[in-house]
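Asks: From the sequence below, what's the structure:
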Amino acid sequence: MGESELRKAASMLGRAERIVVFTGAGMSAESGVPTFRDALTGLWQRYDAQQLATPEAFHADPALVWGWYEWRRDLVRRTTPNAGHLAVAEIEARVPHAVLVTQNVDDLHERAGSAAPVHLHGSLFAPRCSACDRPASVPDGGAEPVGGRRLPPPRCAGCAAPVRPGVVWFGEALPQSALAAAVEAAASCDLLVTVGTSGLVYPAAEIPQVAARFGATVVQVDPGETALDEVADVNLRGTAAQVLPALVEAAWP
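Replies: Have a look, this model is predicted:
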């Protein structure tokens with residue numbers, strides 16, 4: 001991360017009136033949250049993530065799929081927000097019109113102080129009925145996560161159908177309300193900061209491109225090159241926990 005790029009991005013951030021922060025898996029990497037496929041460790045290694053994360057998999061073996069997601073949820077419970085999450089919350093506190101859009105399902109943004117993130121891919125902490133879509137309570141965390149354990153899902157309090165994880169599975173559409181809110185925010189912002197996302201997962205990857213098409217400045221924070229390099233006006237090479245606190249400090253010394 002060069003000083004000149006940081007100063008340029010900080011100047012844009014300090015002047016911006018309508019900001020979108022768009023985050024992906026790299027946002028939570030320094031908190032120790034395993035990526036989707038990295039979570040296939042231990043006894044879960046014999047499974048294919050794309051075979052576990054589908055409506056068909058849940059229908060065929062609800063206990064297997066629910067057990068895997070409970071294990072993932074317990075792993076996330078044992079992590080904490082990093083300095084990058086805290087910096088995002090500070091941006092939201094300083095800018096009246098700031099919208100956080102995330103592809104992450106770990107809820108670390110909320111734990112860092114972000115009030116109402118737009119969750120494009122759902123949340124591990126928002127299970128719902130597989131039949132009537134009624135929200136369900138989050139099971140209490142247990143002891144140390146156990147890999148490879150089947151757990152029958154709880155039943156819906158309304159219709160008694162199995163409760164499913166509140167995430168977007170392969171083959172499912174993104175939540176229409178979340179996608180619409182993200183597109184609207186991107187189309188009306190003057191600055192979009194994209195953090196830790198490859199820009200390859202669609203339709204979520206369209207969000208920075210929408211902002212650019214409507215004339216917003218795009219700042220990217222990522223340690224390596226991504227598909228969004230050409231969209232970004234400024235590329236800040238580094239991790240979220242390294243770059244975002246420095247960016248906030250430079251914008252509001």
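
Asks: Not counting sequence-adjacent ones, nearest residue to residue 228?
Replies: For residue 228, ignoring the flanking residues on the chain, the nearest one in space by CB to CB, 6 or more residues apart in numbering is residue 199 at 3.8 Å. Bear in mind the C-beta positions are built from the backbone N, C-alpha and C, glycine included.

Asks: what sits against the one you found?
Replies: Shown in contact with residue 199 (CB atoms under 8 Å, 6 or more residues apart in numbering): 205, 208, 226-228, 231.

Asks: Of those residues, which belong to strands?
Replies: Using DSSP state E, no member of the contacts of residue 199 falls within strands.

Asks: In terms of distance to residue 239, which of these ranks first?
Replies: residue 226 (13.4 Å; CB to CB).

Asks: Roughly how far does the closest residue to residue 197 other than its chain neighbours sit from residue 198?
Replies: The shortest distance from residue 197 to any non-neighbouring residue, by CB to CB, 6+ apart, is to residue 24 (2.7 Å). Going from residue 24 to residue 198 by CB to CB, to the nearest Å gives 7 Å.

Asks: sorry, back to before: now, the contacts of residue 199 that are in helices?
Replies: Of the positions in those, residue 208 sit in helices, assigned by DSSP state H.

Asks: Make a markdown table out of the contacts of residue 199 and add neighbour count, distance to residue 121 and pLDDT.
Replies: Output for the contacts of residue 199, formatted as a markdown table (neighbours: other CB atoms under 10 Å; distance: CB to CB, whole Å; pLDDT from 0 to 100):
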| residue | neighbour count | distance to residue 121 | pLDDT |
| --- | --- | --- | --- |
| 205 | 20 | 12 | 91 |
| 208 | 26 | 16 | 97 |
| 226 | 21 | 18 | 93 |
| 227 | 14 | 18 | 93 |
| 228 | 22 | 18 | 94 |
| 231 | 19 | 20 | 94 |
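
Asks: Including distance to residue 183, could the contacts of residue 199 go into CSV?
Replies: Output for those, formatted as CSV (distance: CB to CB, whole Å):
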residue, distance to residue 183
205, 12
208, 11
226, 20
227, 19
228, 16
231, 15
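
Asks: Now do the buried residues in the lengthiest helix in the chain.
Replies: Counting residues, the longest helix in the chain under DSSP H turns out to be helix 62-77. The neighbour-count check on helix 62-77 (16 or more other CB atoms under 10 Å) flags 62, 64-77 as buried.

Asks: before we move on, back to that, identify the residues contacting the residue nearest to residue 197.
Replies: Residue 24 touches 102-104, 194-198, 201, counting by CB under 8 Å, 6+ apart.

Asks: Which among the residues you listed count as buried?
Replies: 102-104, 194-198.

Asks: Looking at the residues you listed, which gets the smallest pLDDT?
Replies: In terms of pLDDT, residue 198 ranks lowest among these, with 88.

Asks: mind checking how far that residue is from residue 182?
Replies: 17 Å.

Asks: again, but for residue 33
Replies: Distance from residue 33 to residue 182, by CB to CB: 21 Å.

Asks: Which of these two has more residues huddled nearby?
Replies: Using other CB atoms under 10 Å, the more surrounded residue of residue 33 and residue 182 is residue 182, with 27 against 21.

Asks: Tell me if that one really is in a strand.
Replies: No: Residue 182 is assigned helix when assessed by DSSP: H, G, I helix; E, B strand; the rest coil, not a strand.

Asks: could you say which helix or strand contains the closest residue to it other than its chain neighbours?
Replies: Nearest non-adjacent residue to residue 182, counting by CB to CB, 6+ apart: residue 101, 4.5 Å away. Take DSSP states H and E as the rule and residue 101 turns out to sit in strand 97-102.

Asks: Can you tell me the strand partners of that strand and which way each runs?
Replies: Sheet pairing of strand 97-102 (DSSP bridges) gives strand 18-23 (parallel), strand 118-119 (parallel).
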